[in-house]
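>>> I'd like to go over a predicted model; first the sequence, then the structure.
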Amino acid sequence: ILQIPWLAGAVAIVYNVPEIPSNYVLRLDGSVLAGIYNGSIVYWDDPRIKSLNPDIANKLPHKEILPVYRTDASGTTEVFTIFLYKSTNGLWPKDLVGKTVNWPVISSGRGLGGKGSEGVTQIVMQTPYSIGYVEWSYAILNNLPVAAIKNVAGVFVTPSNSSIIASLEKAALPSSPLSDFSEDAYQIVYASGENSYPITAPTHIILWRKYGDPSKALAIKEFLKWVAEEGYKHVIQGYVAPPENIRNLLIEAANIISS
């Protein structure tokens, strides 16, 4: 099997706090997000949130935070929990990393579950004082406020084409399509670099190395070449074409595939 990270996206942290000015970007870090989702940070005016946002500290309301999570098995949840684990030095435990998670905040009665990024988006839009994690594309399409997240270098960064590319360029990824890419999310999430958005992750294409039908093998080979040479000009909003070294993996895979 060939598994290639052929496109990149980001998990955006979206929120609905009426008191936060529309021209202000809320700042959050892994420890605060872990506290929100484990239930230990209860109110929007918690000192830990205020300390990250001194310019609006007096505007943050004494209202309960309503964390929204995915109820379905989700790569988005896995990427978000990898970030919580990597960015908090174990404050968020590894056994709470995965596509489905028993969110500790649920026991507080404040957690709200939604199906898919669409479900989480709708709940956040309709529920004042909520916060959630969604695919960046959903935040863009619904014009939701997106938080700036503290990266490894201590810089608060929002998702953008350039900040996603920066994360991919800093990650130590295999150099052959025959390599094992099963752990590349761990390499890309919370990657180093001042400009890196820390909740960046790839999506993969998974292929057989050999196909019994020669016409199918040829079609897939041509498709991979088209993606690498032309298709990346047409990436939909919210996703980003990978840097050249990853594009080259598609060409290499096309040359490897046979019937």
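Right, received. Where do you want to start?
>>> please count neighbours and contacts with C-alpha atoms only from this point.
Noted.
>>> now do the buried residues in the host helix or strand of residue 119.
Assigned by DSSP states H and E, residue 119 belongs to helix 116-126. Within helix 116-126, the residues that qualify as buried are 116-117, 119-121, 123-125, counting by 16 or more other CA atoms under 10 Å.
>>> I'd like the next helix or strand past it.
strand 130-135.
>>> show me what the nearest residue in space to residue 53 that is not next to it in sequence is bridged to.
Among residues not flanking residue 53 along the chain, residue 27 sits closest, at 6.1 Å (CA to CA, 6 or more residues apart in numbering). Applying DSSP bridges to residue 27 gives these bridge partners: residue 148.
>>> ok, residue 94 touching residue 85?
Yes. With contacts counted by CA atoms under 8 Å, residue 94 reaches residue 85, the gap being 6.1 Å.
>>> for these two, indicate the residue with more neighbours.
residue 85 (22 against 13; other CA atoms under 10 Å).
>>> was I right about that one contacting residue 91?
Yes. Counting by CA under 8 Å, residue 91 is a contact partner of residue 85 at 7.1 Å.
>>> give the contact list for the closest residue to residue 240 other than its chain neighbours.
Leaving out its chain neighbours, the residue that sits closest to residue 240 by CA to CA, 6+ apart is residue 8, at 5.2 Å. Contact analysis of residue 8 by CA atoms under 8 Å, 6 or more residues apart in numbering lists 164-165, 200-203, 239-242.
>>> go on, residue 88?
Contacts for residue 88 were tallied using CA under 8 Å, 6+ apart; they are 30-31, 34.
>>> can you give me the helices for the stretch 1-150 of the chain?
Remark: helices assigned in the stretch 1-150 of the chain by DSSP state H, counting those that start in this stretch are 30-38, 47-52, 75-87, 116-126, 136-141.
>>> same list, those, but as CSV with mean pLDDT and distance to residue 207 please.
Converted to CSV, the helices of the stretch 1-150 of the chain look like this (pLDDT from 0 to 100; distance: least, CA to CA, whole Å):
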stretch, mean pLDDT, distance to residue 207
helix 30-38, 98, 35
helix 47-52, 98, 44
helix 75-87, 97, 19
helix 116-126, 97, 26
helix 136-141, 97, 26
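>>> out of the ones you listed, which is closest to residue 176?
helix 75-87 (23.2 Å; CA to CA).
>>> thank you, goodbye.
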